[in-house]
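Peer 1: 3D model of this:
(2 chains)
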Amino acid sequence: MNPELQGRVFPPAEPYLVGREKVREFARAVFATHPINLDPAAAQAAGYADVVAPPTFAVVVQEHTLAQLLSEPDAGIDFSRVVHGDQRFTSTRPIVAGDLLTATLTVSSVKTLGPHSMVTAETNVTDAAGEHVVTAISTLVVRGEE
Amino acid sequence: MAAVQQTPVFEELAVGDVVAEQEFALTRDSLVRYAGASGDFNPIHYRDDVAATVGLPGVLAHGMLTMGFAVQPVVGWAGDPGRVLDYQVRFTRPVVVDPSFGATVTVTAKVGQLDAEARAARIDLTVSFDGATVLGKAQVRVVLG
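Peer 2: Numbering: from 1, shown residues only, chains lettered A, B, ... in the order given. Here you go, the predicted structure:
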């Protein structure tokens, strides 16, 4: 992997409009049963504008930024050798259907451990007002040739 | 659907309390559903031949699927998915999903730390499959307000 990736900031991905049915589809896929995830009336009764996305939904938005990293011509990352090491979501507020989100990826670190490399990618997600919603941090391990 | 949950009372919590426990029965259908919902179509999550080619013991659940459902017992306990403001895991072991029998993953959620100033609890998850844990340092920060 190219060590010069460290510190690189990618251009913001195309804005992502969070759809109500997408939130419900994702919620069902992660076995979420809470009415605030599934029922707009329950979400509104709890003070939200619409259904609230499960805590890991930001991965859908983050995916677009990680695709930018993996396809970066000089990154030298072989996708078939990538293993997901760690994941973290740190939120200011939950994602709600109707949000228009913009995600920007920064490569915060690149490390080499013997034949393997580790890249930590931080995706900062903001809403239409430019306010912070969530930061998704992934550490990817790229296995070297044994 | 569960009845409306009471919000847990911060003052009543103690480090070590088990706040939720749940068993999840995954099947290959669960993996296909998650692939579609998340957009992660890596074939190691639905094709035995591809999994075998890259040296895996079988088709694996997406790590992000395991992360996604493991927090759900905490959401149920907290009474509002919006109370979960920080969630991290380390992927330490794969969950192999048998084509016939699937895979059963158990989640135990325990109070790991209490922050009285923020009225927040760190909930630590133990997520196990086949007698071993599959996530490390699985921590959820829940703000109880």
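Peer 1: ok, the longest helix along chain B near chain A or not?
Peer 2: Across chain B, the longest stretch assigned as helix under DSSP state H is helix B:28-38. Yes: using CB under 8 Å from any CB of the partner chain, helix B:28-38 reaches chain A at B:30, B:33-34, B:36-38. Where you see a C-beta, it was placed from the backbone N, CA and C, and this is true even at glycine.
Peer 1: Please tell me which one of those counts the most neighbours.
Peer 2: Using other CB atoms under 10 Å in any protein chain shown as the neighbour definition, the residues of helix B:28-38 next to chain A reach their maximum at B:Tyr34, which records 26 neighbours.
Peer 1: Spell out which parts of chain A neighbour chain B.
Peer 2: Residues of chain A lying close to chain B (CB under 8 Å from any CB) are A:22, A:25-26, A:28-37, A:46, A:48, A:52-56, A:59-60, A:63, A:80, A:83-94.
Peer 1: hmm, which of the residues you listed are the buried ones?
Peer 2: A:22, A:26, A:28-32, A:34-37, A:46, A:48, A:52-56, A:59-60, A:63, A:84-91, A:94 (16 or more other CB atoms under 10 Å in any protein chain shown).
Peer 1: In strands, which of the residues you listed appear?
Peer 2: A:84-91 (DSSP state E).
Peer 1: Could you find the lowest-pLDDT member of those?
Peer 2: The weakest per-residue confidence within those falls on A:His84 (90).
Peer 1: Identify the residue spatially nearest to it, adjacent ones excluded.
Peer 2: B:Gly63 (4.8 Å; CB to CB, 6 or more residues apart in numbering or on different chains).
Peer 1: what do you get for A:Leu101?
Peer 2: A:Tyr16 (4.7 Å).
Peer 1: what about that neighbour, neighbour count?
Peer 2: Neighbourhood size, A:Tyr16 [other CB under 10 Å]: 20.
Peer 1: so it touches A:Gly98, yeah?
Peer 2: No: contact criterion CB atoms under 8 Å: A:Tyr16 and A:Gly98 do not qualify, at 11.8 Å.
Peer 1: Centroid-nearest residue for chain A?
Peer 2: Centrality entry for chain A: nearest residue to the mean C-alpha point is A:Gln62, 2.5 Å, by CA atoms, centre = their mean.
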